[in-house]
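Novice: here is a sequence with its predicted model. Questions after.
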Amino acid sequence: MGNIISEHSQKLNFGGKKRRKFHPLRQLSTISAKSTLTARSSDSTSSYRYIGGRRFNENTKYSLPNDDEEIDRLHMQHYLQRYIWQGNFCAPVHNVLKTPGAKVLDVGCGPGTWMLEMAFDYPEAHFTGIDISPMYPKEIKPINVEFEEADINQGLPFADNSFDFVVMRNMVNALSDEDWQKALKELERVCKPGGFVECLEFEIPGVHLGKTTKRIVEAYIQIMRTRSIDVTIAPRLEERFTTYTTLMNLEHHVKMVPFGKWGDKTGKIMADDLLLIMKAIAPILIPLWGVGEIQYQEFTNSLAKELDAGKAYCNIHTIFAQKYEPYHYI
Ligand SMILES: C[S@@+](CC[C@H](N)C(=O)[O-])C[C@H]1O[C@@H](n2cnc3c(N)ncnc32)[C@H](O)[C@@H]1O
């Protein structure tokens, strides 16, 4: 088990980037789940649906938007996770990534923040990202980075044994339990013998949640189940790795990270991230839950207070394992 992350002695590093100030609670008041528009993206096969001023991909059951506001949140979450784990990955791949021609795949890469950083850190390696929504940079990107629009549920568009390192992070809002089984098999298939597969996921629900927070999270879990998404999978992922793949040398690490002001800067950013997720998911959640927008906002206000009062925290899981490499006899 990991330790409670404390910010007493260290400062979060946001990659030197000056970020826009955001106020999740204030911004929540602008949600309106009423307006719905659809449009086709000009540069991809995706169709978009606009609900409550947020843009969603129509071709997927994934429930979070793919607009600029979500891209900002994902950037923030990336730097938060990099700080929590004190690095961009846990698997022992540093040396292989320094080897010219090493190949890395990021599945569900979002805006590609992780890949762009990794491509800078490992200029000899080549990075491929796939996502169902083309949120990633299309033209201005390093030469060792490429992105492709693809759906993991349709199988990965790559040959067996193609990549030295295969990563899939923050996908609990995207996949059903059955999808996870298929996805893990696909990650294993495209990984080279001797290569590593790594997943990172937040555990839902958090721990020490207050009454209203539990109610919101329970509704969210149930509603996502009706959309065939299992947001609670994180603590069972190790078991999924061992049951559905033949990957070996598995390691499972857990960090307990505070939610709310009681956890100083990390806790504050974790809470901001949660509130931004609540806001992002609101256009989907509100109509399915059957609560009004004002009530949803009241719930969310209580959630923020309860996180501090109860000293809530979240477990974050990283699991990595290695593809079997047969011995070569001379
Ligand atoms: C929470 S974001 C995580 C992005 C990135 N991995 C990160 O950690 O910042 C989840 C991403 O998965 C993508 N996604 C959802 N369902 C997918 C699918 N079936 N195939 C590929 N990507 C998918 C979404 O479009 C979104 O960009």
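Specialist: Done, it's in. Residues are numbered from 1 along each chain as shown.

Novice: can we go C-alpha only for contacts and neighbour counts from here?
Specialist: OK.

Novice: any weak-confidence spans in the stretch 201-330 of the chain?
Specialist: Scanning the stretch 201-330 of the chain for pLDDT under 70 picks out 327-330.

Novice: residue ranges for the helices of it, please.
Specialist: Shown for the stretch 201-330 of the chain, the helices assigned by DSSP state H, counting those that start in this stretch span residues 211-226, 237-244, 264-289, 293-309.

Novice: tell me which residue is most central in this structure.
Specialist: Centroid check for the chain by CA atoms, centre = their mean gives N170 as the closest residue, at 1.9 Å.

Novice: thought that residue was touching E201?
Specialist: Yes - between N170 and E201 a contact is recorded at 5.1 Å, counting by CA atoms under 8 Å.

Novice: coming back round to it: Throw the helices of the stretch 201-330 of the chain into a markdown table and include mean neighbour count, thanks.
Specialist: Supplementary listing: these in a markdown table, determined by neighbours: other CA atoms under 10 Å:
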| stretch | mean neighbour count |
| --- | --- |
| helix 211-226 | 17 |
| helix 237-244 | 16 |
| helix 264-289 | 20 |
| helix 293-309 | 18 |
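
Novice: can you pull the residues of the stretch 1-150 of the chain lying near the ligand?
Specialist: Neighbours of the ligand within the stretch 1-150 of the chain, by CA under 6 Å from any ligand atom: 62, 74, 78, 108-110, 131-133, 150.

Novice: now do the strands in the stretch 101-250 of the chain.
Specialist: Taking DSSP state E, counting those that start in this stretch as the criterion, the stretch 101-250 of the chain contains strands spanning 103-107, 126-131, 145-149, 163-169, 191-202, 248-258.

Novice: and these as TSV, adding mean neighbour count?
Specialist: Below are these laid out as TSV (neighbours: other CA under 10 Å):
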stretch	mean neighbour count
strand 103-107	24
strand 126-131	23
strand 145-149	20
strand 163-169	23
strand 191-202	24
strand 248-258	18
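
Novice: so which of those is nearest N66?
Specialist: When the strands of the stretch 101-250 of the chain are ranked by proximity to N66, the top entry is strand 126-131, at 10.7 Å, counting by CA to CA.

Novice: please enumerate residues in contact with the closest one?
Specialist: Contacting residues not belonging to strand 126-131 are listed as 101-110, 112, 115, 119, 144-151 [CA atoms under 8 Å, 6 or more residues apart in numbering].

Novice: what parts of the stretch 151-300 of the chain come near the ligand?
Specialist: Counting by CA under 6 Å from any ligand atom, the residues of the stretch 151-300 of the chain near the ligand are 151-153, 169-171, 174.

Novice: if you set the cut-off to 8 Å instead, what comes out?
Specialist: The stretch 151-300 of the chain has residues 151-154, 168-175 near the ligand, with proximity defined as CA under 8 Å from any ligand atom.

Novice: are any of the residues you listed buried, and if so which?
Specialist: Buried members of these, counted by 16 or more other CA atoms under 10 Å: 151-153, 168-175.

Novice: which one of these sits closest to F320?
Specialist: M168 (10.3 Å).

Novice: hmm, the closest one is touching G108, no?
Specialist: Yes - shown here, M168 and G108 form a contact pair, counting by CA under 8 Å, at 6.5 Å.
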